[in-house]
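J.: Give the three-dimensional model of this entry:
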Amino acid sequence: MRAVVQRVSRADVTVDGETVGQIGPGFLVLLGVAADDQRDDVIATATKIVGLRVFEDDAGKMNRSLADVGGAMLVVSQFTLLGDCRTGRRPSFVAAAPPERANALYQEFIAEVRGQGITVETGKFQADMKVSLTNDGPVTLLIDSKKLF
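T.: You can find the predicted model right below:
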């Protein structure tokens, strides 16, 4: 499971001109599900992101988590995070989970984050989405459940 995590002051996602998810301060998470991902990857990724200490404390240091600051999470599925661009010019997406499996694990991820007390908004799986955000910092982190980077 791969995620791009952006600390935001606001973010929203629209489908066909209609807003389907929006948050104020928190994280925009672009989430890609790999073909070999399992429940352990969901739990590890959700727990890692919820616990990331990248919000400022009273001393101005990045030392507080999403839960500490009462932030929300906007989760948008993005299979292209599994794109392999090492050869040629057209990315290969063979490492991405098939849609049915990817959606199941995407939904499990959302449930896991909600189970940790975080308010979650979402995009629409497999839709053509437009994502808008104001990156705060900017703070952008890459997470991989297999710890490839």
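J.: Could you tell me how far stretch 96-108 lies from the centre of the chain?
T.: Stretch 96-108 has its C-alpha centroid displaced from the chain centroid by 14 Å (CA atoms, centre = their mean, to the nearest Å).
J.: and what of stretch 46-54?
T.: 11 Å.
J.: contacts for it?
T.: Where contact means CB atoms under 8 Å, 6 or more residues apart in numbering, the residues beyond stretch 46-54 that reach it are 3, 5, 7, 27, 29, 62-68, 73, 109, 112-113, 116, 118, 139, 141, 143. Quick note: C-beta positions are derived from backbone N, CA and C, even for glycine.
J.: So which of the residues you listed are in strands?
T.: Mapping the contacts of stretch 46-54 onto strands (DSSP state E) picks out Ala3, Val5, Arg7, Phe27, Val29, Met62, Asn63, Arg64, Met73, Val139, Leu141, Ile143.
J.: quick one: which of those residues is nearest to Val131?
T.: Taking CB to CB as the measure, Val131 lies nearest Val29 of the ones in strands among the contacts of stretch 46-54, at 10.9 Å.
J.: Show the residue spans covered by the strands in the protein.
T.: 2-15, 18-23, 26-32, 55-56, 62-64, 72-77, 119-122, 129-144.
J.: Nearest to Pro91 among these would be which one?
T.: Nearest of the strands of the chain to Pro91, taken as CB to CB: strand 26-32 at 12.0 Å.
J.: quick one: average confidence on that closest one?
T.: The average pLDDT for strand 26-32 rounds to 98.
J.: Sounds good, over and out.
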